[in-house]
Each structure stands twice: as C-alpha cells, then as structure tokens.
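# Give me a 3D structure for the following:
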Amino acid sequence: MGRTLLKVLLVFAGMSVSFSFSEARAVGLFQHYSIMVNPEDTSYGCLSCHDGTIASSVGICTVDCTVSDSHPVEKEYPPLGREAKFASIDNVVAAGIKLLDNKIGCISCHDITNQSESHLRIPNENSGLCTVCHIQ
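Numbering: from 1, shown residues only. The predicted structure follows:
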C-alpha cells in the first residue's frame, strides 16, 4: 500500500512539474486515464505506470528475450542477424508502426491517442499488426 501511494505521489509531482513549464511544452501531453503523458515516450515512460502498481502490469522484455517472453522493447529494428525475417524499416513505418531511434517500443504498436481497447495503431485481425514486421 505504501509503495502504491508513493508512486501516485511521484506521478502527481511529475505532473505539477510538467505544468509549471511553459504552455508550449505542455502541448505534446495527452490525458491518458486521468494522467498527462507524452504519447511519444519511450517504453520506460509507459512502464512508469504499467508496472502493476498504478496501471495494469504489462509483460515486456528488455534484455535476453525468448519466445515465451512478451514482446521485446527498446531493441533495434530489425534484430541484428535476423533481418531476412523482418520487413524493412521503410515498409514498417509506411504501414503505421512507430519506431523511436529505429527501436521497437510500446508506441510502435500502441497509440494512446487511439481510444480503442489496447490502443493498437493497426487492427490485429488475422495477426495483421504482427505481420507488418514479422514476414517469415
């Protein structure tokens, strides 16, 4: 309970710092479930809430990922040595996937400004979202 309260206080403290800067700086913020966030943030920004204490926990993999892990984030795209199994960066970006510094992150597949459940950038019917990147 104490840890959750501390995280909530830290989030609110961060919000007040964000609002104390000029209005131009706040333009990029977006209200996501009552919290002002940057929709272009790194996966670590998403995980500051999505760690199970403030928002639902999400499984991610940032170090040594295996098939049984959740999707890797903060990793170079395409994975080194596996380029033949992945679509080109140009094709991925043209399809609507967002890469930050040529890295896969939460915002690659999720757009919090999209109000649908899971906030997907591209519908995933018949694995359509997955097959944008994974071609083999």
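# any idea how far residue 73 is from residue 105?
Residue 73 is 5 Å from residue 105, where distance means Cβ to Cβ, to the nearest Å. For every residue, glycine as well, the C-beta is placed using N, CA and C.
# what touches both of those two?
Counting by Cβ atoms under 8 Å, 6 or more residues apart in numbering, the common neighbours of residue 73 and residue 105 are residue 43.
# quick one, helices of the chain?
For the chain, applying DSSP state H gives helices covering 2-20, 23-26, 43-47, 89-94, 106-109, 130-133.
# what packs against the fifth one?
In other words, helix 106-109. helix 43-47 (3 or more Cβ pairs under 8 Å, 6 or more residues apart in numbering; DSSP states H and E).
# Show residues contacting the helix it packs on.
With Cβ under 8 Å, 6+ apart, helix 43-47 has contacts from 37-38, 58, 60, 62, 73-74, 105-107.
# Quick check: mean pLDDT of that helix?
Mean per-residue pLDDT for helix 43-47: 85.
# Go through it and flag the buried ones.
Buried residues in helix 43-47, counted by 16 or more other Cβ atoms under 10 Å: 43, 45-47.
# Looking at those, which is nearest residue 32?
Ranked by distance to residue 32 (Cβ to Cβ), those are led by residue 46 at 9.5 Å.
# Please tell me how far the closest one sits from residue 135.
Counting by Cβ to Cβ - residue 46 and residue 135 are separated by 26 Å.
# And for residue 106?
Separation of residue 106 from residue 135 (Cβ to Cβ): 22 Å.
# So which of those two has more stuff around it?
residue 106 (24 against 12; other Cβ atoms under 10 Å).
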